[in-house]
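Colleague: Fold the following for me, if possible:
(2 chains)
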Amino acid sequence: MLYYEPSGAVLTDPAGHGNMIEISKFREEASAALLKRGIRPEDIVVFAETDLALDLNHASVYIVLTETKLYVLEGQTAISGRPGKLRKKAAVTRTFIETDLAEYEKEQVKSPAIEELISAGYLTIEYSGGTRRIAAMTRTAMRDMRLFVKYAGKYLEDGSTETDPEDFKDDRFCPKCGRRYPDPNRKICPVCMEKTKIYKRLLQFYKKYRWQMLAVLLSITALSALGVIAPYVSTSFFYDKILTPGTGWFGQIAFVLALIVGLRLLSTLVTSLTGVISARVSAYVTYDLKRTIFTAIERLSLSFFTARQTGGLMNQINNDANTIYWFFCQGVPDFLKNVVQLIAVFVIMFIMNPLLAGCAAVIMPLFAYVVWRIYRRMTTLHQRRYASSRSMNSALSDALSGFRVVKTFAREKDETERFDKRSRRLANDARNVTIFNNTAFPFASFIMYLSNIIIWALGGWMVITGAGGMTYGKLMAFIAYVGLMNEPMFMFVDMIYWFSDCTNAAGRLFEIADAEPDVTEAEQPVSLGEMQGEVEFRGVEFSYDKARKVIDGVSFTVEPGETLGLVGHSGAGKSTLANLLMRLYDVNAGEILIDGVNIKELSFSELRANVGIVSQETYLFVGSIADNIRYARPDASFEEVLTAARISGAHDFIVKLPDGYDTKIGFGYKDLSGGERQRLSIARAVLLNPKILILDEATAAMDTQTERRIQEALTLLSKDRTTIMIAHRLSTLRDADKLVVIENGKVQETGTHNELLIQKGVYSKLYTLQLEALKNIGVEE
Amino acid sequence: MDNALTDIVKIEYLQPDKAEFSLKNGYIALKNDQTEYDRVFLHRCFPNELTEEYLSVLDRDNNEIGVIRRIDDFPEETRELLRGELKRKYHIYTIKAILSINEKYGYSYWKIKDSEGERDFTVRDTYRSINRITGDRVTVTDVDGNRFEIPSLEALDRRSRRKIEQYL
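Modeller: Reported below is the predicted structural model:
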């Protein structure tokens, strides 16, 4: 049974459902159940299905809006027959058993909405003067319900049935197997991902080094051959030829010793040679791989990073690249060596004595299987140890990076205890692994040994009876060869895990390499030449996820050289507007124009050379202060750096530092205060000298006085520059030419400071509040 | 010193004799000291530890009207009412048994049994989606944000426990 059936995404239906907006798939059983109630498919305007009854038990619930009524039909869908497997088509009959029907007069239904609970949600409507819950849903069905709210709402409001095809592209499910994509932002189905393709691509990276790879392969083959010859010389040849009179070799002990030592020396040499070559190739391949991925990442849009944790991402890339490295550097050569060895050993054994070889061929895999079962148990123990080591490390890094807080609250003892507890757990788990290793391995070896004994017994019997021309020397060789088979057996078990790890790692890496940026540069960008700096937002709409609009139809114009202030509560969408102008994201509807040209038509380099932003996030790279200011324009002269720092007010504190502009900052170096960081990042933007400057809470971390000073300097700067200022502290924006008040993603008011005060709207209320607050704490503006 | 903090700022507790809760159109309405709210929302302050204490009562605009210190302080009918609403809001699916957890490329596909039957769901970032609440109570959050609860790991059967154990 499926947890939730994906929506059909069918706009035009061959069965002739008329103009129905079919949000969820309109199945036959739904059609039948509704017909029973006298609701004909052609009367339905909007159809959707949800998966919870009002009592929050699982159910099938049809929500149907017709021209006159809104119906909620609750029931259970019984599914009988054979469910669909990956390749076979399902042969099921579905029947809907009605349990409840609710009807609402369409004329009285108003504003459908979704009420989110912790793990579920309700569909609500305004009906006869009050809000009512009319249906429930799991989070899975919420997408369909949101669409229902959108279309039903639109239809109830003005009778329009226009649809946006984008909404009906349900791309949450793999088209091949119908399974859910685990990550809605990444359209990768782990089940359908083609593994051979991944390996082919990985091999591409090795192409450059094909000669080295060939050398490795050859030496591995040589190595295996040597490994196989050695036992023969030291046993069969030694006993049956050297120690047996009348063979022509009798008594030549020095020769055989030289031969054994020589073989051993040769194989040692070849081993190190192989190691050197393969380590070199694999290291470079990993390097190439990491570089490819990093380049790909830098190309991606911001949304890719906000969707996942950056730290985790880098970690993952590193780990994955290492996994691949070890797989190819150790795994593959080992594997090849063992395959060649196994085959060679078997051939030799077969030539020596087919009967005994046959016995070994049957017994060995059998014992290998037993050993593998023991191994599996160990994996669990290993995983547990890994988990506790992770938890100990996180406690450690937590306590160390939060050291200041630990000290100030005198919690050293508790932190020690916390660490101690986890450390002890790790010790226990590590002990368990070791104990298991020390008991299970001898046991596994014993089992392997048993298999040898069987060979031994059989062989011994053959030597005594002389069956199959068996000799003592041959038997010894045989035993040695059986020993040689043990290693490959273990190796193959390991290889299964290694192989899947490597596939996973490579899959993830390529997925990043293949991810498409959402914001793409125009193929043939328009050049503005000298930018004037006029900015216009025209009916801009934007949402981070499809469900909730963060920006809803915002329009305003900033004339060249003007200063615009954006005001609003936190979360109103001010910073989002700035991000849109920078094209860190693209608008969903409407357009943003600079000098009358849509910013989508400009090249990234032109846009970003002309639009500078100082954001709330002030990231400083490891390096000198000068380097950090110069980040946007590495070719800037010392004088320019100095001027920029002066304007941003950073100069004052920089000259007080012993190393001045050459002071090293960033992770692990000098710690700057919040205000100092902000001043540096303003300097960075000032140095870029953009035509359009966005200051997003750029002075929030400074005291009012410093802020004023910087404001004044910036005002000088903003003479022939378009400036967009976002600030919480309204006094910051008093001198702006125009203020735009944003509320819930919409423009609420526009005007100058004085105009807005007279209007007595949102702005004036905010302003009075802030003014009073400041007076209360004794700060006069 | 002990009571210093709570003396400075008083939490606005709703008094059982002044706050009247009632059901209106399936929602909870409140009449508190002459002020009437046709619809209020309950929010547990400590959902993991205290399920029936410190309940924040919010109005339509998410402004706090007051805090219910303890459900038990209120009369029987009100208690039922509040409990019913909490049950709806904090509704969570209970995992009775884990049939399989199939991990592929960092994601896991779960097959579980709850009170109504078998269900499948997909979990991203398995380690972080499994949340140990208190003792051996565990929640799992799937890709869509649906939450599933295992009230007690100890109470699970051995096979189920083994399947989830490696992710804890």
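Colleague: Now the residue positioned nearest the centre of chain B: phi and psi?
Modeller: Centroid check for chain B by Cα atoms, centre = their mean gives residue B:90 as the closest residue, at 3.8 Å. When read as degrees, to the nearest 10, the backbone of residue B:90 gives phi -100, psi 20.
Colleague: Now do the contacts for it.
Modeller: By Cβ atoms under 8 Å, 6 or more residues apart in numbering or on different chains, the contact list for residue B:90 reads A:117, A:118, A:119, B:44, B:47, B:51. Where C-beta positions appear, they are placed from N, C-alpha and C, glycine not excepted.
Colleague: what's the first-to-last distance across stretch A:393-410?
Modeller: 22 Å (Cα to Cα, to the nearest Å).
Colleague: Okay, buried residues for it please.
Modeller: Buried positions in stretch A:393-410, judged by neighbour count with 16 or more other Cβ atoms under 10 Å in any protein chain shown: A:395, A:399, A:406.
Colleague: A helix includes the first one, no?
Modeller: Just to be clear, that refers to residue A:395. Yes - secondary structure of residue A:395 (DSSP: H, G, I helix; E, B strand; the rest coil): part of a helix.
Colleague: Let me know the outermost residue of chain A.
Modeller: residue A:246 (73.1 Å).
Colleague: Next one, pLDDT for that residue please.
Modeller: According to the prediction, residue A:246 has pLDDT 76.
Colleague: what about the residue nearest to residue A:722 when sequence neighbours are not counted, which SS state?
Modeller: Nearest non-adjacent residue to residue A:722, counting by Cβ to Cβ, 6 or more residues apart in numbering or on different chains: residue A:533, 3.8 Å away. When classified by three-state DSSP, residue A:533 comes out as coil.
Colleague: I'd assumed residue A:693 was in contact with residue A:533.
Modeller: No - here residue A:533 lies out of contact with residue A:693, judged by Cβ atoms under 8 Å, at a distance of 9.3 Å.
Colleague: Find residues that contact each of the two.
Modeller: With Cβ under 8 Å, 6+ apart as the test, residue A:533 and residue A:693 both reach A:721, A:722.
Colleague: between the two, who's got more neighbours?
Modeller: Neighbour count, other Cβ atoms under 10 Å in any protein chain shown: between residue A:533 and residue A:693, residue A:693 has more, with 26 against 22.
Colleague: Quick check: the more buried one vs chain B, distance?
Modeller: As judged by Cβ to the nearest Cβ, to the nearest Å, residue A:693 and chain B stand 36 Å apart.
Colleague: Can you get me a residue count around residue A:100?
Modeller: The tally of other residues near residue A:100 (other Cβ under 10 Å) stands at 12.
Colleague: Close to chain A: what parts of chain B are there?
Modeller: Contact residues, chain B versus chain A (Cβ under 8 Å from any Cβ of the partner chain): B:24-27, B:38-39, B:47, B:88-93, B:104-107, B:109, B:116-124, B:142-147, B:162, B:165-166, B:168.
Colleague: Give me the ChimeraX select line for these, limited to the buried ones.
Modeller: Remark: buried members of those, expressed as a ChimeraX selection using 16+ other Cβ under 10 Å:
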select /B:26,27,38,39,88,89,90,91,92,93,104,105,106,107,109,119,120,121,122,123,124,142,143,144,146,147,166
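Colleague: Okay, and which of the residues of chain B next to chain A map to strands?
Modeller: Among the residues of chain B next to chain A, the residues falling in strands (DSSP state E) are B:24, B:27, B:38-39, B:93, B:104, B:107, B:109, B:117-124, B:147.
Colleague: Helix, strand or coil: sort out residue A:97 for me.
Modeller: Here residue A:97 is recorded as strand under three-state DSSP.
Colleague: I'd guessed it sits against residue A:76; true?
Modeller: Yes - with contact defined as Cβ under 8 Å, residue A:97 counts as touching residue A:76 (5.0 Å).
Colleague: Pick out whichever of these two has more residues nearby.
Modeller: Using other Cβ under 10 Å, the more surrounded residue of residue A:97 and residue A:76 is residue A:76, with 17 against 12.
Colleague: what about the more buried one, distance to chain B?
Modeller: Per Cβ to the nearest Cβ, residue A:76 is found 10 Å from chain B.
Colleague: Give me the sheet partners of the helix or strand containing that residue and which way each runs.
Modeller: Assigned by DSSP states H and E, residue A:76 falls within strand A:69-82. Sheet pairing for strand A:69-82, assigned by DSSP bridges, gives strand A:58-66 (antiparallel), strand A:91-105 (antiparallel).
Colleague: export those to a markdown table and tack on mean pLDDT and distance to residue A:564?
Modeller: Listed next are the strands paired with strand A:69-82 as a markdown table, based on pLDDT from 0 to 100; distance: least, Cβ to Cβ, whole Å:
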| stretch | mean pLDDT | distance to residue A:564 |
| --- | --- | --- |
| strand A:58-66 | 91 | 43 |
| strand A:91-105 | 85 | 46 |
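Colleague: right, and residue B:11 touches residue B:64 too?
Modeller: No - Residue B:11 sits out of contact with residue B:64 when judged by Cβ under 8 Å, with a separation of 9.7 Å.
Colleague: Give me the neighbour count for residue A:22.
Modeller: The number of residues packed near residue A:22 is 23, by other Cβ under 10 Å.
Colleague: how much space between it and chain B?
Modeller: 21 Å.
Colleague: Residue A:482 against residue A:450, yeah?
Modeller: No - with contact defined as Cβ under 8 Å, residue A:482 and residue A:450 do not form a contacting pair (11.5 Å).
Colleague: circling back: could you list the buried residues of the strand holding residue A:76?
Modeller: By neighbour count on 16+ other Cβ under 10 Å, the buried set for strand A:69-82 is A:70, A:71, A:72, A:73, A:74, A:75, A:76, A:77.
Colleague: Please name the nearest non-neighbouring residue to the third one.
Modeller: This means residue A:72. For residue A:72, ignoring the flanking residues on the chain, the nearest one in space by Cβ to Cβ, 6+ apart is residue A:102 at 4.4 Å.
Colleague: how much space between that neighbour and residue A:606?
Modeller: Distance of residue A:102 to residue A:606, given as Cβ to Cβ, to the nearest Å: 58 Å.
Colleague: and chain B, what are its domains?
Modeller: The record's domain parsing of chain B by automatic domain parsing lists B:2-88, B:92-165.
Colleague: what about chain A, any weak spots by pLDDT?
Modeller: Chain A contains residues with pLDDT under 70 at A:1-18, A:81-91, A:169-172, A:175-195, A:304-315, A:545-548, A:667-668, A:718, A:777-781.
Colleague: To clarify, my last question referred to chain B.
Modeller: Using pLDDT under 70, chain B drops low at B:1-4, B:6, B:105-106.
Colleague: can you do 80?
Modeller: Applying pLDDT under 80 to chain B flags residues B:1-10, B:25-26, B:61-62, B:103-107, B:124-128, B:134-135, B:166-168.
Colleague: Could you list which residues are in contact with residue A:36?
Modeller: Contacts of residue A:36 (Cβ under 8 Å, 6+ apart): residue A:98.
Colleague: gap between it and residue A:573?
Modeller: 47 Å.
Colleague: go on, residue A:475?
Modeller: 84 Å.
Colleague: List the beta-bridge partners for the single nearest residue of chain B relative to chain A.
Modeller: Of all residues in chain B, residue B:107 sits closest to chain A, at 3.3 Å by Cβ to the nearest Cβ. For residue B:107, the beta-bridge partners are residue B:104, residue B:124 (DSSP bridges).
Colleague: which SSE is residue A:509 in?
Modeller: Going by DSSP H and E, residue A:509 is in helix A:472-514.
Colleague: ah, wrong one, I meant residue A:583
Modeller: Counting by DSSP H and E, residue A:583 is part of no helix or strand.
Colleague: That one contacts residue A:517, correct?
Modeller: No - taking contacts as Cβ under 8 Å, residue A:583 lies outside contact range of residue A:517: 10.9 Å.
Colleague: neighbour count winner among those two?
Modeller: Taking neighbours as other Cβ under 10 Å, residue A:583 and residue A:517 compare with residue A:583 leading, 21 against 13.
Colleague: which phi and psi does that one have?
Modeller: Main-chain torsions, residue A:583, degrees, to the nearest 10: phi 60, psi 40.
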